[in-house]
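Novice: This is a predicted model, with the sequence first.
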Amino acid sequence: MSLLDVRDLSVVFQRRGERPFAAVDQVSFTVEPGQTVGLVGESGCGKSVTSLAIMGLLPKRGNRVTGEVLFEGTDLLKLRPDDLRDRRGRDIGMIFQDPLSSLNPVIPIGVQVAEVLERHRGMDRRKALREARELLDAVGIPDPDRRLTEFPHQISGGMRQRALIAIALACKPRLLIADEPTTALDVTIQAQILTLLKQLVDETGTALIMITHDLGVVAGLCDTVNVLYGGRVVERAARHELFARPRHPYTHGLLSSVPRLDSPRGERLHAIRGSVADNIPWVEGCAFAPRCDNVVDACLDGPPPLEPTATGGDLRCNNPVSEEVAVP
Amino acid sequence: MLRVIVRRLLQLVVTLIALSALIFVWLRNLPGGPVEALLGERATPERRALLIKALGYDQPILVQYGKFMQRVITGDLGNSIRSGDPVTDVIARAFPATIELAVAAMIIAVGLGVPLGYLAARYRGRLLDNLTIAGTLLGISIPIFFLGYLLKDVLTQDIHWFPPSGRISTGMDNTTVTGFYVLDGLLTREFDASADALWHLILPAVTLATIPLAVIVRITRASVLDVLNEDYVRTAEAKGLRHRTIRGRHILRNALLPVVTTIGLQTGALLSGAVLTEKVYNWGGLGTLITDSISGGRDYPVLQAIILLAALVFVLVNLLVDLSYAFIDPRVRVR
């Protein structure tokens, strides 16, 4: 049994007087124990909404979530809110994009780490604070004793994200969801945080869902990668397979867009034409068709199915990039 | 922190001196005055001149002000022109009544306003929210004297739920310690007196509370709505914390910052509202004293003292608010 088995997850936003909008559209993927899985795509492709839906953190009103989110066989979407609350923070931890706004500005760091231990592991405040100190130490925060009583505005951005990682891993969850954990950080700090995450999931055997738009992050961390476009998975492959032979034109375009230091000076950077807004609804055809270089007539005759590939992945494309075409 | 307090207290002294000068000049330029009140309209010019000289009103206003300030520094605020009693005594009798009323009103406003504002935000757009919003609009717009007489007519005359006026039933043999009747009853173990005083207190306090209550509900609601969208509330949810922990530690603690500021600013509204409320319920406090001192012949010494006292209370409460702000929000402490 997979640790996490997401089946046909859809999230439809419905505001009064507006057309329903499917931010996540029949997304399926699995996470095995200890595995690191990437969810990759541009802003607005539905990757964050997917993670919030898994955690049950979407607003209570204005959206409809369908499908199944099986965590060790239990459908999280069917759990009573209180039962889900018991599992959040204990079985599944989550870290967010902006570490400053994700920490409560008026509560000392120590308490913010300790409270999750008090809640799920029944510790009293003193014991929880002692444990919090160990956790801060483990995520590489210098002088953890002092940090316990400090407030988020008194520590650096990198340290804040480390503190959030300590919070998310405090109860040794089996799954960690990281939603763009390095986007708000300096490049040098980004590398440190990624190294730390990799080290921690390796040590603890925690499975990780890495949500990112940054292919560099994927390359360094993920075992398998799901590429999302317009709320649907368009390509899924093992990491080395995806980087060596991207089949979907969108994936290919993303990889080609990564600037390279060894390309000749003055050469134009490659970009996918158009923007995420230039898509068509999946029911009418492939959402990527308006931006696709490989578009064929079939692309506008309805959504292409997600089909297994010879290399063990899945692909949703009528006219995939040939396996011989390498990424420039 | 200490430096902040000292600086604010110095500012307070300057404020009070400026205000005292303003009031001194302004009061003495009002039409009518103590001389007319004491002697009547048909007094002979000779008698008028004599009284004016006796009261010292013939001297230049600057000299009068100087003498006034000289006495103020020694703690002597002069004597009431109407009763002849020392102003400090007159005010000491009335002050606890107003404070009791204002504190009771604030307890109602905060105790009811914060939960209501929170619930309105939590159930935004639903019936409870809409009713609350409509209610606050009514609360802000309805004139205090109108509401006061309405409540009084219905609840004390039509159905006798509450006593119509006064602070305590006549014939109640209560011992005065602090001047706060409810508190005095508890201190002296005269619980019947305490209950009776509380009974008298409810209607005036509710009347006086309406405006601050409405303002606090609105501020709380807006502030909670802001905080609900904050990332750290989502983090708290992601930790699986219990509802009450998230509500108390993560939502309210942050949402109350603007509410605390509002409480300070509402002290001013309370003091002016007290004038009308006390009139309606015949509550023998500063409000009654101020109206009596104006209509009863411009009792300059008493009026000056009351206005200065009101200013003092307002500034001190807001100083307290600023200090508590630093206590709640660690980011303020650094500055």
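Specialist: Arrived safely. Owing to the predicted nature of the structure, the values given are computational and were not obtained by experimental measurement.

Novice: contacts, neighbours, all on C-alpha from now
Specialist: Will do.

Novice: buried stuff in stretch B:190-198?
Specialist: The neighbour-count check on stretch B:190-198 (16 or more other Cα atoms under 10 Å in any protein chain shown) flags B:190-191, B:193-198 as buried.

Novice: now what about that stretch, what contacts it?
Specialist: B:167-169, B:172-174, B:181-186 (Cα atoms under 8 Å, 6 or more residues apart in numbering or on different chains).

Novice: The same query, at a cut-off of 7 Å, please.
Specialist: The contact list for stretch B:190-198 (Cα atoms under 7 Å, 6 or more residues apart in numbering or on different chains) reads B:167-169, B:172, B:174, B:181-183, B:185-186.

Novice: returning to that earlier point: could you export the buried residues of stretch B:190-198 as JSON lines, including pLDDT?
Specialist: Listed next are these as JSON lines, based on pLDDT from 0 to 100:
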{"residue": "B:190", "pLDDT": "82"}
{"residue": "B:191", "pLDDT": "83"}
{"residue": "B:193", "pLDDT": "83"}
{"residue": "B:194", "pLDDT": "84"}
{"residue": "B:195", "pLDDT": "84"}
{"residue": "B:196", "pLDDT": "85"}
{"residue": "B:197", "pLDDT": "85"}
{"residue": "B:198", "pLDDT": "88"}
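
Novice: Up against chain A, what does chain B have?
Specialist: B:231-232, B:235, B:238-241, B:250, B:329-330 (Cα under 7 Å from any Cα of the partner chain).

Novice: From these, keep the buried residues only.
Specialist: When those are checked against 16+ other Cα under 10 Å, the ones flagged as buried are B:231-232, B:235, B:238-241, B:250, B:329-330.

Novice: Helices - which of the buried residues of stretch B:190-198 land there?
Specialist: Counting by DSSP state H, the part of the buried residues of stretch B:190-198 found in helices is B:191, B:193-198.

Novice: Nearest to residue A:119, out of those residues: which one, please.
Specialist: residue B:198 (42.1 Å; Cα to Cα).

Novice: So the closest one versus chain A, what's the distance?
Specialist: 38 Å (Cα to the nearest Cα, to the nearest Å).

Novice: Residue B:192 versus that residue, what's the distance?
Specialist: For residue B:198, the distance to residue B:192 (Cα to Cα, to the nearest Å) stands at 10 Å.

Novice: Between the contacts of stretch B:190-198, which sits nearest chain A?
Specialist: Proximity of the contacts of stretch B:190-198 to chain A (Cα to the nearest Cα) peaks at residue B:183, which lies at 35.2 Å.

Novice: A helix includes the closest one, no?
Specialist: Yes: assessed by DSSP: H, G, I helix; E, B strand; the rest coil, residue B:183 belongs to a helix.

Novice: Just give the number of residues close to it.
Specialist: 21 (other Cα atoms under 10 Å in any protein chain shown).

Novice: any idea how far the closest residue in space to it that isn't next to it in sequence is from residue A:282?
Specialist: Nearest non-adjacent residue to residue B:183, counting by Cα to Cα, 6 or more residues apart in numbering or on different chains: residue B:194, 6.9 Å away. Going from residue B:194 to residue A:282 by Cα to Cα gives 73 Å.

Novice: three-state assignment of residue A:211?
Specialist: strand.
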